[in-house]
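[1] Build me a structure from this.
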Amino acid sequence: MKHQPEHLEQESCNCVEPDIDNVRAVRGHLMADATSRGLADLFRALADPTRVRILSALAETEVCVNDLAEALGMGQSAVSHQLGYLREARLVRARRDGRHVFYRLDDDHVRGLFAQGLEHVIHG
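    Below is the predicted model of the structure:
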């Protein structure tokens, strides 16, 4: 029988019966299904490097779609598609000014989430 790496051995226990009081306590801390789906959708939106790069630009300034596409070296339709995904996830919002559409982060929550995630990766 192969010996499991130490980190895998720590992820399970040899309990025979569950501790009912502990199970009840854990269930009391579980988030609702709808909330967990929403949070999973949020992280799914952040799971694409192009979308993260877009957010990094928008964390600094409001940007026109055309300028963002040029900065990323991508076509405007591809960037618009990614921005649509980010809008649906409520991570960015748009503002029309004549023929131009400008995007920015939706709110300070998004800015904080992005900053904390970046800090975690850099100092991780």
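
[2] how about the strands of this protein, start to end?
    Along the chain, the stretches classed as strands by DSSP state E are 63-64, 92-97, 100-105.

[3] Can you tell me how far the nearest residue in space to Leu118 that is not next to it in sequence is from Val63?
    Setting aside the residues directly before and after it, Leu118 is nearest to Ser56 in space (CB to CB, 6 or more residues apart in numbering), at 7.9 Å. Every residue, glycine included, has its C-beta placed from N, CA and C. Separation of Ser56 from Val63 (CB to CB, to the nearest Å): 11 Å.

[4] So what's the residue count around Val23?
    Residues near Val23, counting by other CB atoms under 10 Å, number 10.

[5] On the pLDDT front, check it for me.
    What the model reports as pLDDT for Val23 is 94.

[6] again, but for Val16
    We have a pLDDT of 83 for Val16.

[7] how about it, what does it touch?
    By CB atoms under 8 Å, 6 or more residues apart in numbering, the contact set of Val16 is empty.

[8] Look up phi and psi at it.
    Dihedral pair for Val16: phi -90, psi -40, per degrees, to the nearest 10.

[9] What spatial separation is found between it and Ala47?
    Distance, Val16 to Ala47, using CB to CB: 38 Å.

[10] Repeat that for Glu62.
    Counting by CB to CB, the gap from Glu62 to Ala47 is 24 Å.

[11] Looking at the two, which has the bigger crowd around it?
    Set side by side, Glu62 and Ala47 show more neighbours around Glu62, with 15 against 9, by other CB under 10 Å.

[12] How much space separates the residue lying closest to Leu86 once chain neighbours are set aside from Gly117?
    Counting by CB to CB, 6+ apart, the nearest residue to Leu86 once its immediate chain neighbours are dropped is Val92, at 4.4 Å. Distance check for Val92 against Gly117: by CB to CB, it reads 16 Å.
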